[in-house]
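1. quick one, fold the following:
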Amino acid sequence: MSFQHFDIQPVAGRIGAEILGVDLSADLSKDIISEIRQALIQYKVIFFRRQQLDAEGQVNFARRFGEVTTAHPTVPSLEGHPEILDLDYGRTAARANTWHTDVTFVDRPPLGSILRAIEIPPAGGDTIWANSVTAYQDLPSHLQTLADQLWAVHSNAYDYAEAAVNISEELKAYRAVFTSTVYETLHPVVRVHPESGEHGLFIGGFVRQIRGLSTTESDDIIRLLQSYVTRPENTVRWRWQVGDLAFWDNRATQHYAIADYGNQPRRVQRVTLVGDLPVGIDGKHSEAIKGDSSRYIPTLAAA
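-> Predicted coordinates:
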């Protein structure tokens, strides 16, 4: 696919590209926005270096691609900005260093997420994204057939499914907020992308159990499928600089924030776009089991 309004440089072979020559603080034309969306669908995650955006500018840019959610179903927003989740990792014990897709524990997970770098350590703190579509394509045909039939329960019952035994009081407090309302949703393990029609593995850190299987059986199968997602061939790693923006298709990716910077400052801010009900290969939609996502999606709350 060629792009007329900007240059684009792939960062890795199967996922990720940097868009060059676009100032996101400008009044971008509909044609440029359309091409950015095309790039997002093609490359799954796109990057913009050293942009001059503030919080309001980030939200305004996000709105060009659809309705914006509130910051998070349970975690408070940045003061004065109900759409922004402030992730000040350098000053909190919480980390996002497990593979996950954002907010899959609700029935309408985000279409995409837009992350802006506010404060970045001199070294460390990179983020890795994985292409869940090429992961599915990598599966042998008999594993594809198995995955096509599976549905899994996703929940926020634990923060990013961390299995730490000894955790700090600060982290316990964060988890209490994160799980203050428990959500559970049944999603297809293989999701049909609503725009590209591609099939991708829709799993990650919020998966709790495959429907109809024991916990042990579920864990073994998810571990096997997840190993295809996180193959190095299906990933891209981004070295952040202050002002960078990453925009990823939450319907076709997982990501992992590398926690290798100790207590150094690392602060990023996230805006998410309202998504639709995932659809499996059988044409059936995801189903909410517990929790009301209207707290997260303004239009549902207003309905």
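
2. ok, and Pro121, which helix or strand is that part of?
-> Counting by DSSP states H and E, no helix or strand carries Pro121.

3. just use 37 as the starting number from now, easier for me
-> Sure thing, new numbering starts at 37, so read that last one as Pro157.

4. ok, it - contacts?
-> 126, 297, 300-302 (C-beta atoms under 8 Å, 6 or more residues apart in numbering). (Each C-beta comes from the backbone N, C-alpha and C, glycine too.)

5. low pLDDT regions in the stretch 187-336 of the chain?
-> 194-207, 210 (pLDDT under 70).

6. which stretches of it form helices?
-> 205-214, 251-265, 334-338 (DSSP state H, counting those that start in this stretch).

7. circling back to that earlier point, okay, the contacts of Pro157 in CSV with neighbour count next?
-> Below are the contacts of Pro157 laid out as CSV (neighbours: other C-beta atoms under 10 Å):
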residue, neighbour count
Gly126, 16
Tyr297, 17
Gln300, 15
Pro301, 14
Arg302, 24
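
8. pull the most distant pair out of those.
-> Greatest spacing in these, by C-beta to C-beta: Tyr297 and Pro301 (8.4 Å).

9. neighbours around the residue nearest to Leu336 when sequence neighbours are not counted, how many?
-> In space, and not counting its chain neighbours, Leu336 is closest to Ser330: 3.8 Å by C-beta to C-beta, 6 or more residues apart in numbering. Ser330: 15 surrounding residues under other C-beta atoms under 10 Å.

10. pull the residues that contact whichever strand or helix holds Ile150.
-> For Ile150, the host element (DSSP H and E) is strand 148-155. If you take C-beta under 8 Å, 6+ apart as the criterion, strand 148-155 is touched by 76, 87, 89, 94, 97-98, 101, 126, 138, 163, 276-287, 301-309, 311.

11. what's the ChimeraX line that selects buried ones from those?
-> Only the buried members of those end up in this ChimeraX selection, burial being decided by 16 or more other C-beta atoms under 10 Å:
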select :76,87,89,94,97,98,101,126,138,163,276,279,280,281,282,283,284,285,286,287,302,303,304,305,306,307,308,309,311
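
12. so which of the contacts of strand 148-155 are in strands?
-> Counting by DSSP state E, these place 163, 281-285, 303-309 in strands.

13. want to throw these into TSV with distance to Phe42?
-> As requested, these are exported to TSV (distance: C-beta to C-beta, whole Å):
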residue	distance to Phe42
Thr163	22
Leu281	14
Ala282	16
Phe283	13
Trp284	18
Asp285	18
Arg303	28
Val304	23
Gln305	24
Arg306	23
Val307	21
Thr308	24
Leu309	21
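
14. which ones are touching Ile257?
-> By C-beta under 8 Å, 6+ apart, the neighbours of Ile257 are 182, 186, 246, 249.

15. tell me the one of those residues nearest Val58?
-> Distances from Val58 to the contacts of Ile257, taken as C-beta to C-beta, are shortest for Leu186 (39.6 Å).

16. nearest residue to that closest one in space, ignoring adjacent ones along the chain?
-> Per C-beta to C-beta, 6+ apart, closest to Leu186 is Val225, 3.9 Å.

17. the one you found and Gln180: what is the separation?
-> Distance, Val225 to Gln180, by C-beta to C-beta, to the nearest Å: 11 Å.

18. more neighbours, those two?
-> Each of Val225 and Gln180 has its neighbours counted (other C-beta under 10 Å); Val225 has more, 24 against 16.

19. quick one: the more buried one from Ser38, how far?
-> On the measure of C-beta to C-beta, Val225 and Ser38 end up 34 Å apart.

20. again with Leu151
-> 27 Å.

21. now Gly49: phi and psi?
-> phi -70, psi -30 (degrees, to the nearest 10).

22. for the closest residue in space to it that isn't next to it in sequence, what are its contacts?
-> The spatial neighbour of Gly49 that comes closest, neighbours along the chain excluded (C-beta to C-beta, 6+ apart), is Glu269 at 7.1 Å. Counting by C-beta under 8 Å, 6+ apart, Glu269 makes contact with 49-50, 170, 174.
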